[in-house]
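S.K.: Show me how the following folds:
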Amino acid sequence: MTGVQSMPSQRQANEPGSPAEGRSGFRPDVEGLRAVAIGLVVLYHAGVSRLPGGFVGVDVFFVISGFLITGLLIKELERTGTISLSRFYARRAKRLLPAAATVLLATTALTALVLPQIRWRDTGGDIVSAALYVVNWRLAGRSVDYLAEDTAPSPVEHFWSLAVEEQYYLVWPLLLILVTWWARRRGRSLGTSLSIGLALVAVPSLLWSVYQTSYEPAAAFFITTTRMWELAIGGGVAIAATRLARMPRPVATLLGWTGLAAVAVAGMIFSVHTPWPGYAAAVPTLGSAAVIAAGFAAGGTGPVVLLCTRPFQWVGALSYSIYLWHWPVLVAATAHWGPLSLKRGLAVAALSVVPAWVTYRLVENPLRHSPVISRSPRLALSLGANFSLIGVVAGLGLVLALPSISGAGQGGRFALGATILSAHPRNDPAGAPVDEVAYITPDPLHATEDVPDLYHDHCQQGFASSKPTSCVYGREDAPTTVALVGDSKAVQWLPALQILAQARDWRIITYTKARCSFAQVELTVEGRPWPACSAWNAKVLDRLVGHDRPDFVVTSQGRRTAANGQGDPLEMMVSGLRATWSTLTAAGVEVFVLKDSLQPFMPLYACVAENPHRLTRCTYDRERGIAASAGPTQALAAIGMDGVHVIDMTDAICPTVRCASVIGNVLVYRQGSHLTATYVESLAPRLGQELASAGLGYCPGRQASSTSRRGGTCTPGVGSQ
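M.R.: This next block holds a predicted model:
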C-alpha cells in the first residue's frame, strides 16, 4: 500500500497558522500503525478465526496513505505555491512500481508452476490489470458476474487496494492545485479552502458508499468511488494538523487509545457477512484517523508508546512488501496443499516475510533512495513505466502460454453429445463414465465461454436492478410466442430453444435475472433481504399476464428453498412457485417447468482440464445430484396444477448411477451446475419431443392469441419422430 510510505525525515518550515503547522516529519506511531494494518490483513488471510474482520487493515492503510500524501502535497503547495505533478508521480513510480512488478513477475511463475491450467487465463488477465492498476474494476465486474461462478481467488486480488489509491491520486493533486488557485484568487484561507475541497470528495463518496453497499455490496467493496472518503479522511487529518497539535494532552491520549481500540475491535467483530465498506467502515477509518490525529499532541502517553516499539517499527517498514508477497504465496500454497489449516496458514504467511525482506532490501529501497533517479523525474517515470510493462508482458505471456487439452475441440460441430443416447437413455452405456475420449468440445480450458447468446447480448438482469430486461430470438412476427423466464438455470436452455424456434417458427422472448427464482416469495442474497428480486418478479409477471402476454412460459431455477427466516424454507418456495404459476394459467398462459439440472458438487470442467485421460475422476452420484438440485422442489410445486407441465431431462444429462462429465465427446458442465451451451444444443431434439408431448409443439395456422394449447394435435417437429 502507499500507506506504507514514510514522511520526510526533516520537517519543512511552515508559515505560522498554516494548515501544515504542527505536522511532524517521520511519525513512528504511523509506522507502527502500518504494522497493525498489515498484521490484521495477514492474520485474516492466514485463517485466524478470532479476526474475522481482519480485512479492515486495508481501510487503515487508506487513511494512512491519505494522511501522508496529503501532508506532502500541502507542504509543497506552501513552499512553492504549486504541485509538480511530474515529481509527484515520479516519486510514486519509483516507490511503488519496482516492488509491485517484482511480485507480479514472481506470481506469474508461481501460477505456471503450481496453479492448474484452468486458472492461467483469468490469472494472466488479472496480472495485466494489476500492472495497469485497474484490477479493482475487473474484480468488481467479476463479483457481480454470474458467469464467474467457481472462479477461485486471484493471486493478485490484493492489488485492488493499490489500484484504488493510484486512481485516487490521479485526481487528488489536481484538486488541491485547483483549490489553492481558487483560494488565492479569492483571498480565502488555504486551510478552510482545502477542507471544503476535501468535503466535496469525502461526503459524496461516503453517501455513495453507503448506498452502493446496500445496493450491490460485492462490487462496492472494490470500486474506487466507494473508498475515496477513506483516503480523504486521512487527508483531513493532515489539513487539520495545526489545530490537532493544540489538543490538550489528556484529550489526545484518550483519543489515540480509543482509536487504536476501535481498529482492533473492528477486526474482531466484523466479518465477510458485514456489508462493506458502507457506514460500517467508519469504525476502522475513524479509529485510525484518531490514532494519527492524537499523535500530534499525545506524546509518550499515547499509542506511540506501543507503536514505536522495535517489532512494530520493523514490520511497519516492511509492510508494503509483506502486503505484496503474502497473498500470492498463500494462494500458491492453497493450490498445492488444498485448504490450509491454521498452523500451516500462519507458517506460510510467516514465510512470505522472507521474499518481502529481500524485495525491500534489494529492489524497493535501492531504487527509492537512488540519487540518480531522485534527481530526474523523467527517469523515475520511465523506470516505473518499464516495470509496469514487465507486469503486462508477464500476464499476457501466461495467457498466450495456455495450451489446449489434448484432442479438445476436434470435430467441433460433429460432436454428438446427447444425440448419442437412445430414446430411453436411463442406464444407456453410451452415457456411462469412461476414462478417455477421442476429443472433448468445448475445450475444458475455455468452457466458461460456452454460454448462451443471451449473455453476449447483455440480456440477463444483474443482482441490483428490478427492471425487466428482455431479448427476442426468432422471427418477430412468428405465430407462437414462448417466454423464457427465471434465473441462469432457465437461461442455460436458450440454445436448445433457439434451435426449436427456428424449426417450429416460434418467437422466444427472455426475462431472466441472476439468482432470482421466478416465484412470489421473498428471497435473500448473501444472507440479506433482496427486494430487487421480488420487485423484478412482480414486474415480469405483470407483463406476462398483460399486454405482452405470451402463448407459453418456459421456466427453470436453481434455488431449492427460500430461506429468509420467516417459515419453512421448502414450503415457502413451493407456495411462491404455485402462486406465480397459478397467476399465469389463470390468464391462459401454460407453463412448462424444466427441472433443474443435477448438482455435480465440483467444478467439473476444471476437473476434466486436469484429468483428460482419467475422466472417471470427474464424476458424481446421480441421486445425490438430484436431491441437491431444485428439481424435487419444482416437481412438488407442480402437483395437481392444471396448465403446468414438468419437463424432466435428467436421464439425458446423467443416464447412469455415476454421472459422466463428457458424453458423446461433449463436455456436459461449465460453471457450477450449469450445462454447456454445446451440450444443451445436443439436447434440442429430445427437449422438442418432451415439449411437444406436453402440448408445446409446432402448430401451423394457430394464432398467437389462442389460449388452448393442450390435446396433442400439433406436429411434434424437430427430434420428435
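
S.K.: Chain neighbours aside, what residue packs nearest to residue 676?
M.R.: Residue nearest to residue 676 in three dimensions, not counting chain neighbours: residue 450, with 4.4 Å by C-beta to C-beta, 6 or more residues apart in numbering. For every residue, glycine as well, the C-beta is placed using N, CA and C.

S.K.: could you list every residue that touches the one you found?
M.R.: Going by C-beta atoms under 8 Å, 6 or more residues apart in numbering, residue 450 touches 442, 667, 670, 676-678.

S.K.: Next, give me the two most distant ones among those.
M.R.: 667 and 677 (10.5 Å; C-beta to C-beta).

S.K.: what about these two, which has more around it?
M.R.: residue 667 (30 against 24; other C-beta atoms under 10 Å).

S.K.: Phi first, then psi, for that one.
M.R.: Listed backbone geometry of residue 667 is phi -70, psi 130, with angles given as degrees, to the nearest 10.

S.K.: is it in a bridge, and if so with what?
M.R.: residue 662 (DSSP bridges).

S.K.: picking up where we left off before, output the contacts of residue 450 in TSV; the columns should cover distance to residue 650, pLDDT and secondary structure.
M.R.: Shown next, in TSV, are the contacts of residue 450 (distance: C-beta to C-beta, whole Å; pLDDT from 0 to 100; DSSP: H, G, I helix; E, B strand; the rest coil):
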residue	distance to residue 650	pLDDT	secondary structure
442	22	92	coil
667	18	96	strand
670	18	92	coil
676	17	96	coil
677	19	95	helix
678	19	95	helix
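
S.K.: right, and out of the residues you listed, which lies closest to residue 229?
M.R.: The closest of the contacts of residue 450 to residue 229 turns out to be residue 670 (C-beta to C-beta; 39.0 Å).

S.K.: That closest one - nearest residue in space that isn't next to it in sequence?
M.R.: In space, residue 670 is closest to residue 447, 4.5 Å off (C-beta to C-beta, 6+ apart).

S.K.: okay, now the one you found: neighbour count?
M.R.: Neighbour number of residue 447 under other C-beta under 10 Å is 28.

S.K.: Could I get the phi/psi values of it?
M.R.: Main-chain dihedrals, residue 447, degrees, to the nearest 10: phi -60, psi -30.

S.K.: residues touching it, list them.
M.R.: Contacts of residue 447 by C-beta under 8 Å, 6+ apart are 605, 609, 667, 669-671, 676.

S.K.: Give the buried subset of these as a ChimeraX selection command.
M.R.: The following ChimeraX line selects those of these that are buried, judged by 16 or more other C-beta atoms under 10 Å:
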select :605,609,667,669,670,671,676
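
S.K.: Would you mind giving the contacts of residue 447 as TSV with distance to residue 462 added?
M.R.: Converted to TSV, the contacts of residue 447 look like this (distance: C-beta to C-beta, whole Å):
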residue	distance to residue 462
605	24
609	28
667	27
669	23
670	19
671	16
676	23
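
S.K.: Closest one to residue 218 out of the contacts of residue 447, please.
M.R.: Distance to residue 218, by C-beta to C-beta, is smallest for residue 671 among these, at 16.2 Å.

S.K.: and the closest one, how far is that from residue 152?
M.R.: 12 Å (C-beta to C-beta, to the nearest Å).

S.K.: Spatially central residue for the chain, please.
M.R.: In the chain, the C-alpha nearest the mean C-alpha coordinate belongs to residue 143, at 2.0 Å (C-alpha atoms, centre = their mean).

S.K.: and that residue, what is it in contact with?
M.R.: Residues near residue 143 by C-beta under 8 Å, 6+ apart: 218-219, 221-222.

S.K.: Which of these lies at the shortest distance from residue 57?
M.R.: Nearest to residue 57 out of the contacts of residue 143 is residue 221 (C-beta to C-beta; 14.1 Å).

S.K.: OK, contacts around the residue lying closest to residue 657 once chain neighbours are set aside?
M.R.: Leaving aside its sequence neighbours, residue 657 sits nearest to residue 622 (C-beta to C-beta, 6+ apart; 5.5 Å). Residues near residue 622 by C-beta under 8 Å, 6+ apart: 598, 654, 656-659.

S.K.: If any of the residues you listed are buried, give me the ChimeraX selection for them.
M.R.: Burial among those is assessed by 16+ other C-beta under 10 Å; the matching ChimeraX selection reads:
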select :598,654,656,659
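
S.K.: export the contacts of residue 622 to a markdown table and tack on secondary structure and distance to residue 81?
M.R.: What follows is these, written out as a markdown table (DSSP: H, G, I helix; E, B strand; the rest coil; distance: C-beta to C-beta, whole Å):
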| residue | secondary structure | distance to residue 81 |
| --- | --- | --- |
| 598 | coil | 70 |
| 654 | coil | 74 |
| 656 | coil | 79 |
| 657 | coil | 80 |
| 658 | strand | 76 |
| 659 | strand | 72 |
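
S.K.: quick check, nearest of the contacts of residue 622 to residue 510?
M.R.: Nearest to residue 510 among the contacts of residue 622: residue 598, at 23.5 Å, using C-beta to C-beta.

S.K.: In contact with that closest one, which residues?
M.R.: Residue 598 neighbours (C-beta under 8 Å, 6+ apart): 620, 622, 625-626, 628-629, 631, 650, 653-654, 659, 673.

S.K.: Quick check, pLDDT for it.
M.R.: In the predicted model, residue 598 carries a pLDDT score of 95.

S.K.: gap between it and residue 447?
M.R.: Residue 598 sits 17 Å away from residue 447, going by C-beta to C-beta.

S.K.: Also residue 642?
M.R.: 40 Å.

S.K.: now residue 526
M.R.: Residue 526 sits 26 Å away from residue 447 when distances are taken as C-beta to C-beta.

S.K.: for residue 348, same thing?
M.R.: Note on residue 348: its distance to residue 447, by C-beta to C-beta, is 30 Å.

S.K.: again, but for residue 559
M.R.: Distance, residue 559 to residue 447, using C-beta to C-beta: 23 Å.

S.K.: Please apply the same query to residue 599.
M.R.: 17 Å.

S.K.: Also residue 346?
M.R.: Between residue 346 and residue 447 the computed distance is 36 Å (C-beta to C-beta).

S.K.: just residue 669 next, same as before
M.R.: Distance, residue 669 to residue 447, using C-beta to C-beta: 8 Å.

S.K.: How about residue 466?
M.R.: Applying C-beta to C-beta, the value for residue 466 to residue 447 is 31 Å.

S.K.: Would you state the strands of this structure in chain order?
M.R.: Per DSSP state E, the chain carries strands over the ranges 460-461, 472-474, 480-486, 506-513, 524-525, 528-529, 552-556, 590-594, 620-621, 644-647, 658-659, 662-663, 666-667.

S.K.: right, and these - which one's nearest residue 52?
M.R.: Proximity to residue 52 (C-beta to C-beta) singles out strand 528-529 among the strands of the chain, at 17.1 Å.

S.K.: Mind listing the strands that closest one pairs with, and their directions?
M.R.: Short version: by DSSP bridges, strand 528-529 pairs with strand 524-525 (antiparallel).

S.K.: Let me know the average pLDDT across the strand it pairs with.
M.R.: Strand 524-525 shows a mean pLDDT of 82.

S.K.: Quick check: pLDDT value at residue 715.
M.R.: Per-residue pLDDT puts residue 715 at 38.

S.K.: Also residue 370?
M.R.: The model reports residue 370 with a pLDDT of 88.

S.K.: Please renumber the chain so that the first residue is 20 from this point on.
M.R.: Sure thing, new numbering starts at 20, so read that last one as residue 389.
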